[in-house]
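Chemist: pasted the sequence and its predicted model underneath.
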Amino acid sequence: MKKFNILLFAIISTFNVFSQTYVATTGNDTSGNGTVALPYKTIKKAVAVTAAGGTILVNPGTYAITASIYINKPLTIQKLGTNPVILECATWKTTNAYVIGIVNTSNVTIDGLTIQNKIGNGCKGIWVLDNASATANLNTISIKNCVIKNIGWISNNLSSIPANSGVVTNAIRVDGQNATYAVTNLNIEANDVSNCATGWGEAISLVGNINGFTIKNNKVYQIANIGIVVAGNYGYTGILSNNQSRNGFVTANTVYNCMSAIANSAGIYFDGTANCTMDQNIVYNSGIGIAVEAEQDTNPVVNHGGAATGNSVHNNLCYNNVVCGGLFGGVNDANFTSSIQNTSIFNNTFYNNRTGAVINGVTKLGGIAIATFADIWG
């Protein structure tokens, strides 16, 4: 019996060794084999050769990124040690590009990476995509302990106005585009997201067929639009019941300095969501603190069905925001109708809002001086 135990331990130990792949700035993609002694030089190479379910351990250092890292199998990419692992994109000029893409696959973890300086319209730091070709739920995706900064249509500039609403970038974006299968069990936790000129986009953005998520303990700041958005009813799937981000939690995040020069920008925004909870967040120095709205027409013939329903907003602290602390409601006019329904808003603290202050260098909102805009609309 003892001999069997020893043999079994040896087999398990050997499997564990071979399920790990190492990357180091001193490595070599040609002569390396992914071991501690002979690591690969790039994460892209490690992703290509590591078996499904394996772990890529990345040594500290700066890695020049010039092409997207595409993940289509269960995988963990994890920082080794305490010093940063920096994915530096400054020399990569391609527009409409993502740094890390998680596409139509489950059981993926990105842990402890720094992604910085990816500039160009349509760019994304991390993109999770469940598109029409997926044949199962995209399940158990975790993005945690990452630093994502200076992802934008323009570099290190939070006050410039983009040319049109087609100028969109995101630090983290999750797209549920499949009408049948949802993104489920999504976890975005303990990330630091900053200095992103997102244009008409948002720093952290969830939209489409997403059913079950947690956005928790993140720090989101110095963003040129909305900090965190959870959205629905934008017609990604064409089926009303599977067209919303739903059944999720946005909790214990700290969000500040989210200010747009083109439109109202909330620190945290539920737009057409269903059965989501926003709680224990701290939001300050942003255009608006927190918001629950519905931007899409409620009439499914006209658009995709625009109600936000069943949401709960409680125990949040919103202070020193430029226009107002909270904004809740839909639209009702001759051409457009949307609504929020069955929504609980309680035990929140709103203090010293409608400041009209200049944040991130933004002096005008929609062409109107910030202080005047706050007085009119706050």
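Modeler: In hand now; what should we look at?
Chemist: switch to C-alpha atoms for all contacts and neighbour counts from now on
Modeler: Will do.
Chemist: backbone phi and psi for the closest residue to G361 other than its chain neighbours, please?
Modeler: Nearest in space to G361, with sequence neighbours left out and distances taken as CA to CA, 6 or more residues apart in numbering, is S159 at 5.6 Å. Main-chain torsions, S159, degrees, to the nearest 10: phi -110, psi -10.
Chemist: likewise N321?
Modeler: Dihedral pair for N321: phi -90, psi 150, per degrees, to the nearest 10.
Chemist: partners of the helix or strand containing Y63, with directions?
Modeler: Applying DSSP states H and E as the criterion places Y63 in strand 61-64. Taking DSSP bridges as the criterion, strand 61-64 sits next to strand 85-88 (parallel) in its sheet.
Chemist: for the helix or strand following the partner strand, output the C-alpha coordinates as CSV.
Modeler: Using DSSP H and E, the helix or strand that follows strand 85-88 towards the C-terminus is strand 98-103. Provided in CSV are the C-alpha atoms of strand 98-103 (Å, rounded to 0.1, in the frame of the first residue of the first chain):
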residue,chain,number,x,y,z
TYR,A,98,-7.1,43.8,-28.2
VAL,A,99,-4.0,42.9,-26.1
ILE,A,100,-5.5,39.7,-24.5
GLY,A,101,-8.6,38.1,-26.1
ILE,A,102,-10.6,35.3,-24.4
VAL,A,103,-12.8,34.0,-27.2
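Chemist: let me see the mean pLDDT of strand 98-103.
Modeler: Summarised as a single mean, pLDDT over strand 98-103 is 98.
Chemist: list the helices and strands it packs on?
Modeler: Secondary-structure packing of strand 98-103 (3 or more CA pairs under 8 Å, 6 or more residues apart in numbering; DSSP states H and E): strand 69-71, strand 124-130.
Chemist: pick the most buried one from the ones you listed.
Modeler: strand 124-130 (a mean of 25; mean count of other CA atoms under 10 Å).
Chemist: now do it against strand 98-103, angle only.
Modeler: If you take axes from the mean of the first three to the mean of the last three CA atoms, to 10 degrees, strand 124-130 sits at 10 degrees to strand 98-103.
Chemist: which residues sit against strand 124-130?
Modeler: Here strand 124-130 makes contact (CA atoms under 8 Å, 6 or more residues apart in numbering) with 96-105, 115-116, 118, 138, 148, 151, 169-178, 181-183.
Chemist: where does the stretch 251-378 of the chain dip in pLDDT?
Modeler: Applying pLDDT under 70 to the stretch 251-378 of the chain flags the ranges 297-306, 334-335.
Chemist: ok, back up a step: out of the helices and strands packed on strand 98-103, nearest to V229?
Modeler: Proximity to V229 (CA to CA) singles out strand 124-130 among the helices and strands packed on strand 98-103, at 14.7 Å.
Chemist: what sits against the closest residue in space to G152 that isn't next to it in sequence?
Modeler: Closest residue to G152 apart from its sequence neighbours, by CA to CA, 6+ apart: A197 at 4.4 Å. If you count contacts by CA under 8 Å, 6+ apart, A197 has them with 150-158, 169, 223-225.
Chemist: circling back to that earlier point, of the helices and strands packed on strand 98-103, which is nearest G208?
Modeler: strand 124-130 (9.5 Å).
Chemist: how about whatever helix or strand comes next after the closest one as PDB, C-alpha atoms only?
Modeler: Remark: after strand 124-130, the chain's next helix or strand is strand 138-144, criterion DSSP H and E. Presented in PDB, the C-alpha positions along strand 138-144 are these (Å, rounded to 0.1, in the frame of the first residue of the first chain):
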ATOM      1  CA  LEU A 138     -18.600  30.800 -21.800                       C
ATOM      2  CA  ASN A 139     -18.200  29.900 -18.200                       C
ATOM      3  CA  THR A 140     -15.800  30.800 -15.300                       C
ATOM      4  CA  ILE A 141     -13.700  33.700 -16.500                       C
ATOM      5  CA  SER A 142     -11.600  35.500 -14.000                       C
ATOM      6  CA  ILE A 143      -9.700  38.700 -14.400                       C
ATOM      7  CA  LYS A 144      -8.000  39.700 -11.200                       C
END
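Chemist: just the pLDDT at A132, thanks.
Modeler: pLDDT for A132: 82.
Chemist: count of neighbours near it?
Modeler: Neighbour count of A132, defined by other CA atoms under 10 Å: 15.
Chemist: ok, it - contacts?
Modeler: By CA under 8 Å, 6+ apart, the contact list for A132 reads 177-179.
Chemist: out of those residues, name the ones that lie in helices.
Modeler: Nothing among the contacts of A132 maps onto helices, per DSSP state H.
Chemist: which of those residues tops the neighbour count?
Modeler: N178 (28 neighbours).
Chemist: quick one: it and S142, what's the gap?
Modeler: For N178, the distance to S142 (CA to CA, to the nearest Å) stands at 20 Å.
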